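Q: Just to be clear, the model below is a prediction. Sequence and coordinates:
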Amino acid sequence: MLITEDVLRRAWRELADRCELLDTSMLPRTTTDPGYYRAHEGAMEGLLLVVGDDGTVCGQDGPYSEAFATDDLDEVLYFAAEEAVRGLVDPDAAAPVSAQAELLDRIDPAWGRRFRGGGTDDAQPPGPCGKDPLEGFAWIVGSWREQDPYTHLSFFRGDDFSAEQLVVSLGADPGQVAAGTTLAELRAKDDSWGFDQEWGSCCYGRVGEWVFVLHHERPYDVPEGEPLAVTETVDLCATSAKAVYSFTYARDDRVVGDDMGLIELLHYNRGRTPYRPDGELDFLNRAVRRAELDHPELDEYQTYFHALETSLGLSLPRRAIEEGTVLAAQWARR
């Protein structure tokens with residue numbers, strides 16, 4: 001059946017007639033104008049359903065943000081119901097995402113399962129992670145947002161290279177790397193250690209499959225050496241003065257992200273998956289939802305970092321960084 005605004009309204013009315021939670025007024029605004037959200041920026045909020053001539057419905061959750069696109073009427077009704085129950089839940093409740101799931105259960109148990117899974121299928125969601133997120137990757141969120149200890153948290157995964165090889169290839173001082181200099185030793189060597197010295201330094205190491213390099217900026221005039229077999233990279237960048245916090249994931253030298261451009265973490269809202277369903281970052285949607293359900297006490301940034309830990313395996317050595325025993329070096333050329 002070709003979806004039109006009229007078809008969508010009738011289907012929603014039938015759904016509302018079957019479910020005491022819903023009424024016809026709770027259907028998100030519909031339009032055939034793809035520029036409606038931009039034209040009403042400031043006055044418009046929440047989900048907008050843009051119905052195309054070909055029956056495809058695009059869900060927009062911002063003037064420049066497309067949450068989903070589908071020609072499946074059941075999927076459109078699911079996303080509309082997800083938005084509707086979000087409005088029924090107190091955002092200050094102890095576990096608002098769990099409350100959303102329970103309301104969707106009352107509409108359709110399959111929709112409750114879908115919501116808990118964070119995807120668009122009805123697969124059984126994974127069990128609780130069983131971890132303390134603040135003992136994992138999420139511990140660094142608070143200081144990182146203030147660019148402490150560094151602006152960039154960068155990670156590299158691949159075959160047959162060490163942390164030392166990787167950081168030297170990026171421009172670190174080979175002598176300091178060979179000596180195994182720590183961050184505390186680096187600071188102690190220079191009585192005038194301050195902003196300039198810190199800005200020209202980095203710390204590095206390996207946790208699991210990932211080599212991490214924390215830094216403010218990297219030199220751009222590094223001589224080319226033997227290429228390393230880096231297959232995946234992650235970069236988290238904080239610019240506290242502008243409140244811009246970004247995430248970039250690349251695989252085989254190609255940015256993964258459905259051509260979204262710069263991905264800002266501020267665009268993540270609790271209870272709404274951050275990326276397009278079934279898109280390239282759908283694995284992160286599912287991890288974020290699991291983190292929301294397991295750890296409602298976390299803020300949005302901590303939730304996101306915990307999702308990165310459970311989905312990609314990112315981690316940082318807290319004690320070594322806080323005590324200054326993490327390996328460190330200055331950039332050889334700036």
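A: Received it, and whenever you're ready, just let me know what you need.

Q: Report how many residues lie close to the residue lying closest to G119 once chain neighbours are set aside.
A: When the adjacent residues along the chain are set aside, G119 lies closest to R286, with 5.6 Å between them (CB to CB, 6 or more residues apart in numbering). Every residue, glycine included, has its C-beta placed from N, CA and C. If you count neighbours by other CB atoms under 10 Å, R286 ends up with 22.

Q: From A307, how far out is R286?
A: Applying CB to CB, to the nearest Å, one obtains 9 Å for the distance of R286 from A307.

Q: ok now do D122, which residues does it touch?
A: Contacts of D122 were listed using CB atoms under 8 Å, 6 or more residues apart in numbering, and they are 110, 113-114.

Q: Check the secondary structure at it for me.
A: With DSSP: H, G, I helix; E, B strand; the rest coil as the basis, D122 sits in coil.

Q: Can you list the strands that the one helix or strand V50 maps to pairs with?
A: V50 belongs to strand 48-51 when assigned by DSSP states H and E. When sheet partners are counted by DSSP bridges, strand 48-51 sits next to strand 29-31 (parallel), strand 57-62 (antiparallel).

Q: Of the ones you listed, which is nearest F156?
A: Nearest to F156 among these is strand 57-62 (31.9 Å), distances taken as CB to CB.

Q: Quick one: residues in contact with the closest one.
A: The set of residues that contact strand 57-62 without belonging to it, under CB under 8 Å, 6+ apart, is 3, 8, 34, 37, 46-52, 66-71, 76, 79, 267, 272.

Q: Next: stretch 243-255.
A: Judged by CB under 8 Å, 6+ apart, the contacts made with stretch 243-255 from elsewhere in the structure are 145, 231-239, 256-257, 262-266, 281, 301, 304, 312.

Q: quick one: S240 from A287, how far?
A: Distance from S240 to A287, counting by CB to CB: 25 Å.

Q: and the two? which has more neighbours close in?
A: Neighbour totals were compared for S240 and A287, and A287 leads with 23 against 13 (other CB under 10 Å).

Q: what's that one sitting at in phi/psi?
A: Backbone dihedrals for A287, given as degrees, to the nearest 10, come out at phi -70, psi -40.

Q: helices or strands up against the lowest-mean-pLDDT helix or strand in the chain?
A: In the chain, the helix or strand scored least confidently by mean pLDDT, DSSP states H and E is helix 195-199, which has a mean of 80. With contacts defined as 3 or more CB pairs under 8 Å, 6 or more residues apart in numbering; DSSP states H and E, there are no secondary structure elements packing on helix 195-199.
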